[in-house]
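A.B. asks: model this:
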Amino acid sequence: MSTQQVVFVESNTTGTGREFARQVVLLGMEPVLITADADRYSYVREDAVRYVVADTADPAAVLEAVHALESAGEVVGVTSSSEYYVGTAALTARELGLSGPSAESIQGCRNKATQRRRLAEAGVPGPRFAVAESVQEAAAAAEGIGFPVVVKPVQGSGSLGVRLCADAGQLEAHARELLGASVNERGLAAPAEILVEEYLRGREFSVEVFDGRAVVAVAKHVGPLPSFVEIGHDVPAALPESQERQLMECAVRATEALGTTWGAAHVELRMDDRGPRIVEVNPRLAGGMIPVLVTQACGIDLVRAQVNAVVGRREDVAPGHARTASIRFLTADRAGTLGKDSEVTAAVAEALTVDGVVDTALYRAPGERVSAAEDFRDRIGHVIAVAEALGQSGQSADAGLRSLRGVLRHDEMEGVR
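C.D. replies: Model prediction:
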């Protein structure tokens with residue numbers, strides 16, 4: 001019997017990329033990564049994942065690479081764990097007649113300007129917004145909306161380039177920087193337009209949606225402004241039932257309006273005195289280790305469910321148990337270094353002694369430089385905790401994070417969060 005292959009077009013650099021590949025192996029199939037640079041992903045080498053080098057910025061080159069793989073066995077699925085490549089994966093799957101989301105819906109959702117327009121047309125609540133192609137247009141939009149405003153690229157991920165601008169000077173500087181970039185951090189072409197949006201106040205949440213059905217509401221913890229770095233999550237969110245229902249209904253309405261009801265969608269919202277407002281819809285599985293928390297808290301393996309959907313199988317995502325799980329990310333607000341080997345070992349060991357902590361990790365080597373957190377790439381490590389009582393896992397994760405802070409040696413010994 002020939003090998004069945006599941007192809008991944010690139011991967012996310014942290015979190016679930018490795019888990020996707022492992023799930024394919026557990027299904028008795030072979031994961032194959034198509035990538036422009038395999039060195040970007042440490043798990044490829046560590047887990048001996050087969051890969052093919054191709055120009056992943058070119059959908060035709062990706063399709064050609066997938067066709068070449070067919071000589072080694074049947075290709076039964078094509079997907080991506082990276083938001084930047086879910087559109088290319090969807091196009092490729094469609095060309096091969098494989099299971100997958102609507103490529104047109106993915107492309108429309110990935111462009112946040114198009115997404116905003118479609119949500120507004122469908123009456124799904126969100127911020128006031130404007131699309132700008134110049135600094136002057138951005139300044140005029142901000143004056144109309146009212147400061148402070150959020151300025152962001154129309155395509156992006158992980159809060160990259162997202163900034164709160166309090167006045168015209170900050171807006172013009174950030175708009176000029178975004179509009180001056182011809183490519184993003186992945187080397188893909190960056191559209192010459194940006195979004196200027198009303199700043200939504202209130203607590204931030206996400207709702208994880210699968211096949212158009214809300215699975216769970218997640219409470220988000222965001223670092224200090226003007227950046228929007230996610231520094232923690234709690235699953236499930238500790239909310240009154242009525243507010244949880246409002247969040248879930250709003251998230252499902254958004255996915256329906258955008259046509260992103262196949263497989264996983266990660267919907268970010270803010271809850272203010274007007275009710276829930278959509279921050280954005282991401283046509284992919286959540287990052288930030290949220291799928292791990294959902295498995296721990298609810299007994300639902302969203303990675304497995306997504307892989308099954310990719311290969312044409314359907315899986316019930318009903319909860320198997322009810323606990324609470326939390327993650328806290330270690331970040332810094334000024335430059336510094338990690339401590340020596342012995343200091344790192346001691347801090348990690350201390351964090352693991354906290355009741356409820358089940359996992360801790362550092363993403364930097366001892367002695368390595370760290371910088372102030374501006375997006376997800378500046379996270380230094382994490383602590384995950386699990387508990388039976390609602391809210392207890394967050395307290396345990398916070399306590400574990402305090403222990404993990406012992407690895408940091410700032411240039412000025414303050415400012416760790």
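A.B. asks: wait, L362 sits on L338?
C.D. replies: Yes. The pair formed by L362 and L338 meets the contact definition of CB atoms under 8 Å, at 7.2 Å. Where C-beta positions appear, they are placed from N, C-alpha and C, glycine not excepted.
A.B. asks: Show the residue spans covered by the strands in the stretch 201-350 of the chain.
C.D. replies: Counting by DSSP state E, counting those that start in this stretch, residue ranges of the strands within the stretch 201-350 of the chain are 203-210, 213-222, 230-235, 264-272, 275-282, 324-330, 336-338.
A.B. asks: contacting residues for the residue nearest to A399 when sequence neighbours are not counted?
C.D. replies: Spatial nearest neighbour of A399, excluding adjacent residues (CB to CB, 6 or more residues apart in numbering): V354 at 4.7 Å. Applying CB atoms under 8 Å, 6 or more residues apart in numbering, one finds that V354 lies in contact with V383, A385, S396, A399, G400, S403.
A.B. asks: can you rerun that using 7 Å?
C.D. replies: Under the criterion of CB atoms under 7 Å, 6 or more residues apart in numbering, the contact list for V354 reads S396, A399, G400, S403.
A.B. asks: Please report which of these has the highest neighbour count.
C.D. replies: G400 (30 neighbours; other CB atoms under 10 Å).
A.B. asks: Excluding sequence neighbours, find me the nearest residue to that one.
C.D. replies: V383 (3.7 Å).
A.B. asks: Bridged to the one you found, which residues?
C.D. replies: Partner residues in beta bridges with V383, using DSSP bridges, are R328, T360.
A.B. asks: same deal with the one 4 residues further on?
C.D. replies: On DSSP bridges, the residues paired with A387 through beta bridges are T324.
A.B. asks: wait, isn't it in contact with A322?
C.D. replies: No. Contact criterion CB atoms under 7 Å: A387 and A322 do not qualify, at 11.5 Å.
A.B. asks: between these two, which one's more packed in?
C.D. replies: For A387 versus A322, neighbours defined as other CB under 10 Å are more numerous around A387 (21 against 11).
A.B. asks: So, low pLDDT: which residues of this protein?
C.D. replies: Counting by pLDDT under 70, the chain has low-confidence residues at 1, 14-15, 157-158, 183-189, 412-417.
A.B. asks: Domain ranges for it, per the record?
C.D. replies: With automatic domain parsing as the criterion, the domains of the chain are listed as 3-98, 127-198, 203-410.
A.B. asks: Ok, which of those comes nearest E121?
C.D. replies: Nearest of those to E121, taken as CB to CB: domain 203-410 at 7.8 Å.
A.B. asks: still on that earlier bit, list the residues that are in contact with both of L362 and L338.
C.D. replies: Contacts common to L362 and L338, judged by CB under 7 Å, 6+ apart, are V344, V407.
A.B. asks: Between the two, point out the one with more neighbours.
C.D. replies: Counted by other CB under 10 Å, L362 and L338 do not tie: L338 has more neighbours, with 23 against 17.
A.B. asks: so how far is R94 from that one?
C.D. replies: Relative to R94, L338 is positioned 45 Å away (CB to CB, to the nearest Å).
A.B. asks: Tell me the spacing between L27 and V6.
C.D. replies: 8 Å.
A.B. asks: more crowded one of these two?
C.D. replies: Between L27 and V6, V6 has the larger neighbour count (other CB under 10 Å), namely 23 against 18.
A.B. asks: Please name the residues that touch the more buried one.
C.D. replies: With the criterion set at CB under 7 Å, 6+ apart, V6 makes contact with V24, M29, P31, V76, G77, V310, V311.
A.B. asks: for the fourth one, helix, strand, or coil?
C.D. replies: So that's V76. Following DSSP: H, G, I helix; E, B strand; the rest coil, the label given to V76 is strand.
A.B. asks: from the contacts of V6, which is closest to A192?
C.D. replies: Minimum distance to A192 across these is 33.3 Å, recorded for V310 (CB to CB).
A.B. asks: so how many other residues sit close to that closest one?
C.D. replies: Burial measure for V310: 26 neighbouring residues, criterion other CB under 10 Å.
A.B. asks: repeat for the one 5 residues further on
C.D. replies: Using other CB under 10 Å, E315 has 16 other residues around it.
A.B. asks: where does it fall, phi/psi-wise?
C.D. replies: E315 adopts backbone torsions of phi -130, psi 140, taken as degrees, to the nearest 10.
A.B. asks: my guess is it contacts A305, does it?
C.D. replies: Yes. In this structure, E315 sits in contact with A305. The criterion is CB under 7 Å, and the distance is 4.6 Å.
A.B. asks: returning to that earlier point: nearest to P191 among the contacts of V6?
C.D. replies: V310 (27.8 Å).
A.B. asks: ok, the residue lying closest to G299 once chain neighbours are set aside - contacts?
C.D. replies: When the adjacent residues along the chain are set aside, G299 lies closest to G320, with 2.7 Å between them (CB to CB, 6+ apart). By CB under 7 Å, 6+ apart, the contact list for G320 reads C298, G299, I300.
A.B. asks: who's G336 bridged to?
C.D. replies: With DSSP bridges as the criterion, G336 is bridged to V370, H410.
A.B. asks: Pull the number of nearby residues for the residue nearest to E204 when sequence neighbours are not counted.
C.D. replies: Once flanking residues are discounted, E204 sits nearest to K220: 4.3 Å by CB to CB, 6+ apart. Neighbour count of K220, defined by other CB under 10 Å: 21.
A.B. asks: just R379 next, same as before
C.D. replies: Each residue near R379 was counted by other CB under 10 Å, and the total is 22.
A.B. asks: wait, it sits on F329?
C.D. replies: Yes. Applying CB under 7 Å as the test, R379 and F329 come out as touching, 4.5 Å apart.
A.B. asks: Run through the residues that contact A372.
C.D. replies: A332, D333, R334, A335.
A.B. asks: From these, list just the buried residues.
C.D. replies: A residue is treated as buried here by neighbour count (16 or more other CB atoms under 10 Å); on that basis the buried members of the contacts of A372 are A332, D333, R334.
A.B. asks: quick one: the helices in the stretch 51-200 of the chain?
C.D. replies: 59-69, 86-96, 103-110, 112-121, 135-145, 168-179 (DSSP state H, counting those that start in this stretch).
A.B. asks: Out of those, which is the most enclosed?
C.D. replies: Per-stretch averages of neighbours, counted by mean count of other CB atoms under 10 Å, single out helix 86-96 among the helices of the stretch 51-200 of the chain, with a mean of 23.
A.B. asks: Give me the contact list for that helix.
C.D. replies: The contact list for helix 86-96 (CB under 7 Å, 6+ apart) reads 9, 56, 59, 62-63, 66, 75, 78-80, 99-101, 103, 106-107, 110, 283-284.
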